[in-house]
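Visitor: build the 3D model from these lines:
(one chain, ligands or ions: 3)
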Amino acid sequence: MAKSEKKFLDKINFPSDLKKVSEDDLIQVCEELRQEIIEEVSCNPGHFGASLGVVELTVALHYVLNTPYDNLIWDVGHQAYGHKILTGRKEVFHTNRKYKGISGFPNRNESEYDAFTVGHSSTSISAALGMATAAHLNNELDRKTVAVIGDGSMTAGLAFEGLNNAANNNADLLVILNDNNMAIDPNVGGLNNYLLDITTSQTYNKVKTDVWRFLGKLNRLNPNTRKIFQKVEQGIKTILLKQSNIFEAFNFRYFGPIDGHDVNHLVKVLSDLHKIPGPKLLHVITQKGKGFKQAELDQTYWHAPGLFNKETGEILQSESKSPQAPKFQEVFGNTLVELAEMNDKIVGITPAMPTGSSLNIMMEKMPDRAFDVGIAEQHAVTFSGGLAAKGKLPFCAIYSSFMQRAYDQVIHDVALQNVNVVFCLDRSGVVGADGATHHGVYDLAFLRCVPNMTIASPLDAVELRNLMYTAQQENMGPFSIRYPRGKGRILDWKQAFKILPVGKGQQLKDGKDIAILSIGAIGIEAVDAIEELEKDGYSIAHYDMRYLKPIDSEILHEVLGKHNQIITLEDGAIIGGLGSAVIEFINDNNYRANVKRLGVPDKWVEQGTQQELYRECGYDKMGIVTSVIELLNKA
Ligand SMILES: Cc1ncc(C[n+]2csc(CCOP(=O)(O)OP(=O)(O)O)c2C)c(N)n1
Ligand SMILES: CC(=O)[C@@H](O)[C@H](O)COP(=O)(O)O
Ligand SMILES: [Mg+2]
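Guide: Ligands and ions are numbered 1, 2, ... in the order given. Model prediction:
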């Protein structure tokens, strides 16, 4: 890709280079950094709007802080592209999110400038408080710690737990609240309203204007007016904010709101805040997508767009002329509306992912029955438990990896209550470019040990519809349905609903040499592998288990009666999922069989395309072919 020449940025590889630039030239540095991000992301898709929004903040932070000695912690990390470019990764940024390339998020293994590995939201305050406390205990009184957290991420319980604890801790911590009034979709909830209020506060601004007017008159008489004004303003702020500022109530000294796109002002404020000890919060107002018109206008789409033309903003999709199968999330979103039209108990819940999960379809059609609860997975699950306890039937759509945060709520507030909640676990399996933080590979294992929980996973879009239809029958109890990121193969997905009996799988193919038992859409890789193997005369049986719990014991007895060479296949951790369940069944029923478990091994899998990662883990089509041949050769 041809990149434009950049007078300053071309010479900046580390913060030490940035510090050589004069304060007057920082505006130009910001322009160049913004341009660099636009050029890179236009041809190598990734997160976009959030990084554009914090360009000035990023430059100011690295200008003022002494990183990596000072701790700089980015929340979520999807806004850290500028940080990566300024901290030694400009030359490898074209590998961002690619297989064997750099991670799309800050990562401790990648750089000493990445103080904490992130990807899930709202961890920054707690992690930063830990680091600031460690610095204090080590008597490193000059070491600064700064957490940068967005308004969306601030809505999570974890962020408040950090704030709450910081109140009792004199650690030197600066929290920068990057308020752009957006999560991926528009930010929601009381905190969002509150932040809007203090940003636009009539009372505060009115008082401030009155004071200015008053001091303006004074000004003509008194040369020290500015000083007096500052004192008066601080007094007003203290009175107003002490009574009403939520952060001051948590014992943080609150500063702001200030313009997050004025790099020189940011440098000044950050340098001043350095001198103030204890917990402080700086409220910075920014615009998501700043500096790229389309991204400013449609902030949800440009959170993470695909390829685009960096000059015109035109979206470059490799639109195939042939009809496309829908994404699993779209099948979920549309089917939920169909079901909700038939069953008035159904409600929909998403923790801040309306567009990503396609719950936005229901939110538009049935606004009273679909809820975006903010980044709050724990609350989303317990809220569902409460709704269900009073007769509603929540479909709670959560990305598998974000569900990890709500594990106790699943156990305590849904399963133990034995209420009817349907968990729709989108992005289950390896998700691709987001990498280790986002792969949804543990849900099969962590849900299987929970009493009352039904666990299902569709082979294709039609099964997804039918599992959703089955789950909304009377008294099904806690019911989880997991499906992957991306599309299936079926075009004609909108077929009449059918119940898929709980605990029953299906035989897809009979065969003599070996049996493959798969769960979920990854079974398609087995279908392809079998086609390949049959060309060479192998005879393979294939079963789509469909339910992990209760597992289809009839199928297992049949398979184990006929076969002693078995392969299990799942797009999830091989510890605890289908493979483990089959081995337990063999043990409990005194069968003898060789079982090869295919799935995600006991290690961190980083980013890449889904196909690259299936291959790395040995369960793409060719990996399955190889495993079958190896197992049969050994036998
Ligand atoms: C626990 C968790 N839930 C959901 C997400 C998905 N997610 C990533 S960024 C984001 C929005 C964050 O909003 P904010 O913190 O305001 O940052 P902005 O994108 O506005 O800069 C969400 C919901 C996540 N990464 N982690
Ligand atoms: C940063 C973050 O957590 C989200 O933006 C996530 O990357 C979304 O993933 P999808 O693209 O699969 O919706
Ligand atoms: Mg935001």
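
Visitor: list phi and psi for L598.
Guide: phi -110, psi 130 (degrees, to the nearest 10).

Visitor: please name the bridge partners of it.
Guide: L598 forms beta bridges with L569, as assigned by DSSP bridges.

Visitor: ok, now which ones touch it?
Guide: I567, T568, L569, E570, I574, G579, C617, G618, Y619, G623, I624, S627 (Cβ atoms under 8 Å, 6 or more residues apart in numbering). Where C-beta positions appear, they are placed from N, C-alpha and C, glycine not excepted.

Visitor: looking at the residues you listed, spot the one nearest G289.
Guide: Each of these was scored against G289 by Cβ to Cβ, and C617 proved nearest at 35.5 Å.

Visitor: tell me who's in contact with the closest one.
Guide: V430, L598, G599, V600, P601, V605, G623.

Visitor: cool, and E341?
Guide: Counting by Cβ under 8 Å, 6+ apart, E341 makes contact with nothing.

Visitor: secondary structure element for it, which one?
Guide: Using DSSP states H and E, E341 sits in helix 328-342.

Visitor: which residue ranges make up each domain of the chain?
Guide: Domain assignment for the chain, taken from automatic domain parsing, gives 9-199+251-303, 328-482, 506-634.

Visitor: first to last residue in the second one, what's the distance?
Guide: The one in question is domain 328-482. Domain 328-482 stretches 10 Å from its first residue to its last (Cα to Cα, to the nearest Å).

Visitor: what about that domain, near ligand 3?
Guide: No - Domain 328-482 stays clear of ligand 3 (Cβ under 5 Å from the ion), getting no nearer than 9.8 Å.

Visitor: would you mind measuring from the residue positioned nearest the centre of the chain to N587?
Guide: Residue closest to the average C-alpha location in the chain (Cα atoms, centre = their mean): H120, at 5.2 Å. H120 is 35 Å from N587, where distance means Cβ to Cβ, to the nearest Å.

Visitor: for F14, same thing?
Guide: 56 Å.

Visitor: neighbour-wise, which of these two wins?
Guide: F14 (15 against 9; other Cβ atoms under 10 Å).

Visitor: was I right about that one contacting E91?
Guide: No - in this structure, F14 is not within contact of E91 by Cβ atoms under 8 Å, at 11.8 Å.

Visitor: is the closest residue to ligand 3 within the stretch 1-150 of the chain in a bridge, and if so with what?
Guide: The stretch 1-150 of the chain approaches ligand 3 most closely through G150 (3.7 Å), counting by Cβ to the ion. When assigned by DSSP bridges, G150 has beta-bridge partners N178.

Visitor: check contacts around it.
Guide: Going by Cβ under 8 Å, 6+ apart, the list of residues near G150 reads A50, D75, V76, Q79, S121, L177, N178, D179, N180, A183.

Visitor: mind putting those residues into a markdown table with neighbour count?
Guide: What follows is the contacts of G150, written out as a markdown table (neighbours: other Cβ atoms under 10 Å):
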| residue | neighbour count |
| --- | --- |
| A50 | 28 |
| D75 | 31 |
| V76 | 25 |
| Q79 | 28 |
| S121 | 27 |
| L177 | 26 |
| N178 | 25 |
| D179 | 24 |
| N180 | 23 |
| A183 | 29 |
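
Visitor: in helices, which of those residues fall?
Guide: Counting by DSSP state H, the part of the contacts of G150 found in helices is A50.

Visitor: out of the contacts of G150, which one sits closest to ligand 2?
Guide: Ligand 2 has its nearest neighbour among the contacts of G150 in V76, at 5.4 Å by Cβ to the nearest ligand atom.

Visitor: before we move on, back to that, now the contacts of L598 in TSV, with secondary structure and distance to A521?
Guide: Converted to TSV, the contacts of L598 look like this (DSSP: H, G, I helix; E, B strand; the rest coil; distance: Cβ to Cβ, whole Å):
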residue	secondary structure	distance to A521
I567	strand	17
T568	strand	15
L569	strand	11
E570	strand	11
I574	coil	17
G579	helix	17
C617	helix	15
G618	coil	18
Y619	coil	12
G623	helix	16
I624	helix	14
S627	helix	19
